[in-house]
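> sequence first, predicted coordinates after that:
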Amino acid sequence: MSDTPALLPTLERIAERLDARPHLLRMGALFSETVLMEIDDDCYYLTFHRGRIEKIAHGRNRKTPWRFAIRTDADALERFWQVQPAPGFHDLFGLVKLGRASIDGDILSLVKNLRFFKELLAIPREEERA
């Protein structure tokens with residue numbers, strides 16, 4: 001069994017693919033914060049600097065400050081990343097409405113950068129399509 005956290009390779013691919021999307025980098029250019037993604041019991045801290053993912057840290061750490069948190073389960077995320085997701089699984093707020101995700105913290109920060117985050121989180125879906 002591997003010591004690599006399940007979602008870490010996917011998040012690293014998202015970071016790589018983000019660098020190849022100038023329109024996303026323009027949208028996120030004013031965003032320099034840390035975001036917590038909690039998938040089941042795994043925590044991932046994504047540190048953004050001017051729209052780029054600078055660092056991904058795995059593991060729960062109460063000392064790491066974050067601006068907002070996206071919490072969901074692995075099955076919901078897998079369904080979200082399908083090429084043609086089922087209704088409700090097509091959107092971050094759709095997952096929240098279904099009760100399969102929650103968003104905590106500074107919601108305004110997320111809403112100000114909503115299109116950036118929606119497209120960022122959909123990158124694995126685009127990989128499946130290709």
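Done, it's in. Residues are numbered from 1 along each chain as shown.

> helices and strands of the protein: which one has the lowest mean pLDDT?
Ranked by mean pLDDT, DSSP states H and E, the weakest helix or strand in the chain is helix 123-129, scoring a mean of 78.

> tell me which other helices or strands the longest helix along the chain touches.
Across the chain, the longest stretch assigned as helix under DSSP state H is helix 8-19. Here helix 8-19 touches helix 22-27, strand 42-49, strand 52-58, helix 114-121, helix 123-129, going by 3 or more Cβ pairs under 8 Å, 6 or more residues apart in numbering; DSSP states H and E. Bear in mind the C-beta positions are built from the backbone N, C-alpha and C, glycine included.

> how far does the first one sit from its chain's centre?
Looking back up the chat, that one is helix 22-27. For helix 22-27, the separation from the chain centroid amounts to 16 Å (computed by Cα atoms, centre = their mean, to the nearest Å).

> give me the next element, helix or strand, following it.
Per DSSP states H and E, the first helix or strand lying C-terminal to helix 22-27 is strand 34-39.

> what lines up beside that following strand in the sheet?
Paired strands of strand 34-39, with direction, are strand 42-49 (antiparallel), strand 68-72 (parallel) (DSSP bridges).
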